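Asker: kindly generate the corresponding structure for this input.
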Amino acid sequence: MTDYIAGGRPRTPLEVAVIGGGQAGLSISWFLTRAGIDHRVFERHAPGHEWRTNRWDSFCLVTPNWQCRLPGFPYPGDDPHGFMLRDEIVAYIETYAASFDPPLRTGVTVERVRPAGDGFDIDTSEGPYRAAQVVAATGGYHRPRIPRLAHALPEGIEQLHSSEYRAPEQLPEGEVLVVGTGQSGCQIAEDLHLAGRRVHLSVGSAPRSPRFYRGRDVTDWLTDSGYYAISIDRHPQGEAVREKTNHYLSGRGGGREIDLRVFATQGMQLYGRLQDVEGGALRFRPDLAANLDRADASAEAIKRTIDDYIAANGIDAPTEPPYRRVWEPDAEPASLDLRAAGITTVIWCTGFDADFGWLQAPVFDGRGEPVHKRGVTPVPGVYFLGLPWLHTWGSGRFSDVGDDAEHLFAHIQARARTRQTPLSMSA
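Answerer: Take a look at the predicted model:
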């Protein structure tokens, strides 16, 4: 075997390099460790870092604790139908890592992965490696997305992304505009509202979900009915479902539904989708009523799915009265002068962009999105894990990331067995 030297240092050979030490990377490591397959898990920070640093103080899961079922490590607590708080989530991940002692390299940044011979050259902050196979397990939420029009806001307005928000006390006095109504936007708006802050909310097209229905948490009903097990190749929306915003609801206080109409009756000011900035004033699309109606329709569709399941299986379940709208917008607010309204802070709850710039392999489409079939890419030996809708609704969550990891492990193990010769270290 010919040593390959990088920067005067020999590359350390591995069968598998796992990039990312969160729940996805640890899940695949659990299978690899149990099978005795030589690998390393490279984590730039520490397990649970994203949960610790990109979530606010009162953050909690929106799925019940019983869905925390990483490989070999089901939820260990005594509140399976509760919702873990941020620090409990971090502790769960840290305890999971300690439970099987993976070959985890923390504080190590992977700078580049590129095909080389019959393997992949991996340049890291601690030195060079050569791996036969690579698993990209960094998820898909890397760079905070902030619209360009943010630069046109008046000077003196505090601006932060949802990943930087921690608590109402960190914000200057005054009213707050929250832009975006995905899970983060709605929950941050609720957090501020409950703290007594005057909140303005720019409402997008995100759907909402009921929390409890006909005597049970909606998550329980949808799990039992097999809804969450629908794979992307059988989903009515197909690949387009990957682009859909998650339904908003909350696990706060034991779990609750978020109905923006209720917030409006309590003084929260709602607007349509933010369109542009003109003369120091924000302008909104006239789609507030349509967006609220669309969110309601989504919640009602989920209820009908549950009703059909109950009826088809003859389940004895309590009935509920029809949903009643408690508020309708009298008009579509067209603009908002931040200073005149006393708004001192804008929180951008506008999502994240993926950044796989370190992975220099032909596994992306024209938009830069990963190309794969349940994590298996067109390049032999390169895999993705932990992406939303990698295979099912739960692929990017604690609930089903382990199933996807097991699927990829079978491919990794089979490929490792077919290689009869040691990994070539020649360039």
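
Asker: thought Gln269 was touching Arg197?
Answerer: No: look at Gln269 against Arg197 with C-beta atoms under 8 Å: they stay out of range, at 12.0 Å. No exception for glycine: its C-beta is placed from N, CA and C like everyone else's.

Asker: quick one: mean pLDDT for stretch 129-146?
Answerer: Averaged over stretch 129-146, pLDDT sits at 95.

Asker: any buried residues in it, and which?
Answerer: 129-141, 144, 146 (16 or more other C-beta atoms under 10 Å).

Asker: chain center to it, what's the gap?
Answerer: Computed by C-alpha atoms, centre = their mean, to the nearest Å, the chain-centroid distance of stretch 129-146 equals 14 Å.

Asker: likewise stretch 189-203?
Answerer: On the basis of C-alpha atoms, centre = their mean, stretch 189-203 sits 22 Å off its chain's mean C-alpha point.

Asker: now that stretch - C-alpha only, PDB.
Answerer: Taking Å, rounded to 0.1, in the frame of the first residue of the first chain, the C-alpha atoms of stretch 189-203 are listed here in PDB:
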ATOM      1  CA  ALA A 189     -44.500  35.100  18.800                       C
ATOM      2  CA  GLU A 190     -46.300  33.100  21.500                       C
ATOM      3  CA  ASP A 191     -43.300  33.300  23.800                       C
ATOM      4  CA  LEU A 192     -43.200  37.100  23.400                       C
ATOM      5  CA  HIS A 193     -47.000  37.400  23.700                       C
ATOM      6  CA  LEU A 194     -47.200  35.400  26.900                       C
ATOM      7  CA  ALA A 195     -44.400  37.600  28.300                       C
ATOM      8  CA  GLY A 196     -46.600  40.600  27.800                       C
ATOM      9  CA  ARG A 197     -44.800  42.100  24.800                       C
ATOM     10  CA  ARG A 198     -46.800  43.700  22.000                       C
ATOM     11  CA  VAL A 199     -46.300  41.500  19.000                       C
ATOM     12  CA  HIS A 200     -46.800  42.100  15.300                       C
ATOM     13  CA  LEU A 201     -46.800  39.000  13.100                       C
ATOM     14  CA  SER A 202     -46.300  38.700   9.400                       C
ATOM     15  CA  VAL A 203     -48.300  35.600   8.400                       C
END
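
Asker: neighbouring contacts of it?
Answerer: The contact list for stretch 189-203 (C-beta atoms under 8 Å, 6 or more residues apart in numbering) reads 56, 58, 167-168, 171, 175-181, 185, 250, 252, 258, 260, 263, 266-274, 284, 288, 291-292, 336, 341-343.

Asker: assumed Thr319 was part of a strand.
Answerer: No: under the criterion used here (DSSP: H, G, I helix; E, B strand; the rest coil), Thr319 is coil, not part of a strand.

Asker: and it, what pLDDT?
Answerer: On the pLDDT scale, Thr319 gets 97.

Asker: since we're on it, how many residues are nearby?
Answerer: 8 (other C-beta atoms under 10 Å).

Asker: I'd like the next helix or strand past the longest strand belonging to the chain.
Answerer: Looking across the chain with DSSP state E, the single longest strand is strand 127-136. Going down the chain from strand 127-136, the next helix or strand is strand 143-144, by DSSP states H and E.

Asker: give me the nearest residue to Leu52, chain neighbours excluded.
Answerer: Leu isn't right for residue 52; it's Arg. Val90 (5.0 Å; C-beta to C-beta, 6 or more residues apart in numbering).

Asker: what's the helix or strand hosting the one you found packed up against?
Answerer: Element membership for Val90, per DSSP H and E: helix 86-100. Helix 86-100 is packed against helix 23-35, helix 49-53, strand 73-74, with contacts defined by 3 or more C-beta pairs under 8 Å, 6 or more residues apart in numbering; DSSP states H and E.

Asker: orientation of the first one relative to strand 127-136 in degrees?
Answerer: Here helix 23-35 points in a direction 100 degrees away from that of strand 127-136 (axes from the mean of the first three to the mean of the last three C-alpha atoms, to 10 degrees).

Asker: quick check: mean pLDDT of stretch 399-411?
Answerer: Here the average pLDDT along stretch 399-411 is 97.

Asker: which other residues reach it?
Answerer: By C-beta under 8 Å, 6+ apart, stretch 399-411 touches 23-24, 27-28, 30-32, 35, 63, 67-71, 135, 228, 374-376, 383, 385-386, 390-395.

Asker: filter those residues to the buried ones?
Answerer: Judged by 16+ other C-beta under 10 Å, buried ones among those: 23-24, 27-28, 30-32, 63, 67-71, 135, 228, 374-376, 383, 385-386, 390-395.

Asker: of those, which belong to helices?
Answerer: 23-24, 27-28, 30-32 (DSSP state H).

Asker: how far out from the middle of the chain is the helix holding Val90?
Answerer: 18 Å.

Asker: would you mind checking the contacts of stretch 189-203 for buried ones?
Answerer: 56, 58, 168, 171, 175-181, 185, 250, 252, 258, 260, 263, 268-274, 284, 288, 291-292, 336, 341, 343.

Asker: what is the neighbour count of the spatially closest residue to Asp365 that is not a sequence neighbour?
Answerer: Once flanking residues are discounted, Asp365 sits nearest to Val371: 5.3 Å by C-beta to C-beta, 6+ apart. For Val371, the tally of surrounding residues (other C-beta under 10 Å) stands at 12.

Asker: Tyr383 versus Val371, what's the distance?
Answerer: 12 Å (C-beta to C-beta, to the nearest Å).

Asker: Gly185 too?
Answerer: From Gly185 over to Tyr383 (counting by C-beta to C-beta), the distance is 32 Å.

Asker: now do Pro321
Answerer: For Pro321 relative to Tyr383 (C-beta to C-beta), the value is 48 Å.
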